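Student: Pasted the sequence and its predicted model underneath.
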Amino acid sequence: MQQLVKRTPADYRWVRPPEWCPGCGHFGVLQSLYNAFAELNLDPSKIVLVSGIGCSSRLPHFVRTTSVHAIHGRAIPYALGIKLANPSLEVVVVGGDGDLMAIGGNHLLHLGRRNVDMTVILMDNSVYGLTRGQAGPTLPPGLKVKAIPKANPQGEINPLLLALTAGFTFIARGYSYDIKYTTKLIVEAIRHKGSAFVQVYSPCVTYNNIMTREWYEKRIYKLEEADPSWDPVVHDEKEVDTKIRKALDKIVERDRLPLGIFYKNELVPTFEERYESIYDPNYRALPPALQPIEVDGKPVVDFEKLIADKIL
């Protein structure tokens, strides 16, 4: 009988040390991810971390899993292809607000509406740290961080509002300096059946001299502590509208910044379940990544017939 291996956070650390500024909030997200993987006892060979470009997108380099460092803004479609090719893998996307909310914002919308069973972790510091601190898409208007000559003239994106509108069935927000709490949220996101989105406030200590640790800690609070009766879970389809409205009320708060799980609905079928029921009943048992592409050295697809069928 094979004995179950109980893993620790150290089992997911890569030999290469993180390359972030001292005090960067991303260290807390990285440790939370180590902790979450260990709590779930995930096999590193069955995890795929996908990122785009930016300070936050360096994270996969520091984790002992299969990792993909994709091009700017394209982490989600890359991860989507991996997950749909082999749905048995645990696929997690990590990235910053510039990568996921700006150039990659379109892909976030379509992942939400499809409800593919994977997780997106947004490491939000409201600046483009890798390119020296320009205003990011989540920086509120009127704020002047140190690297821009004048106050930000653009309105900001609310990532949770975008995720809720897109159709994500799990929506949460954490804070990188609260590692224990962020670990809990990531664990719940990975366990969730469907598309999960976790925004993590992750202060940039080098370029964002306004939205600092002190700035956040004057404003953040936990939903379940402020309201012990808070329940974001949809238990019955009749609750959907009510739970969405309650989540929306909290998501749009501006003077105070709530943390926690805003919405969770596992009653919505995943893309994998819908595809299996409509197209291929064997999809999850024999997904594309596990199907043979050749037999005895010959391709299983008749290329000439394929081309002929397309012409017809």
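Tutor: The structure has been received and is ready for your questions.
Student: Every contact and neighbour count from this point should use C-alpha atoms.
Tutor: Noted.
Student: what about the helices in the stretch 1-150 of the chain?
Tutor: For the stretch 1-150 of the chain, the helices defined by DSSP state H, counting those that start in this stretch occupy 26-40, 75-85, 97, 105-114.
Student: now the second one against helix 105-114, angle please.
Tutor: By that I understand helix 75-85. Put simply, helix 75-85 runs at 30 degrees to helix 105-114, going by axes from the mean of the first three to the mean of the last three CA atoms, to 10 degrees.
Student: Kindly report the same for the longest one.
Tutor: Our comparison of helix 26-40 with helix 105-114, counting by the same axes, to 10 degrees, yields an angle of 20 degrees.
Student: for helix 26-40, the distance to its chain's centre please.
Tutor: Relative to its chain's centre, helix 26-40 lies at 13 Å (CA atoms, centre = their mean, to the nearest Å).
Student: buried residues in that helix?
Tutor: Neighbour-count burial for helix 26-40 flags 26-39 (criterion: 16 or more other CA atoms under 10 Å).
Student: show me what contacts the closest residue to P288 other than its chain neighbours?
Tutor: Once flanking residues are discounted, P288 sits nearest to A85: 5.1 Å by CA to CA, 6 or more residues apart in numbering. Shown in contact with A85 (CA atoms under 8 Å, 6 or more residues apart in numbering): 287-289.
Student: nearest to P149, of the buried residues of helix 26-40?
Tutor: H26 (25.9 Å; CA to CA).
Student: ok, the closest one to Y201 distance?
Tutor: According to CA to CA, to the nearest Å, H26 and Y201 sit 9 Å apart.
Student: Find residues that contact each of these two.
Tutor: Listed as contacting both H26 and Y201 by CA under 8 Å, 6+ apart are 123, 176.
Student: now the stretch 1-150 of the chain, which segments are flagged as low pLDDT?
Tutor: Scanning the stretch 1-150 of the chain for pLDDT under 70 picks out 1-3.
Student: ok, 80 please
Tutor: Within the stretch 1-150 of the chain, the ranges that satisfy pLDDT under 80 run 1-4.
Student: so what's F170 up against?
Tutor: By CA under 8 Å, 6+ apart, the contact list for F170 reads 189, 192, 194-197, 261-265.
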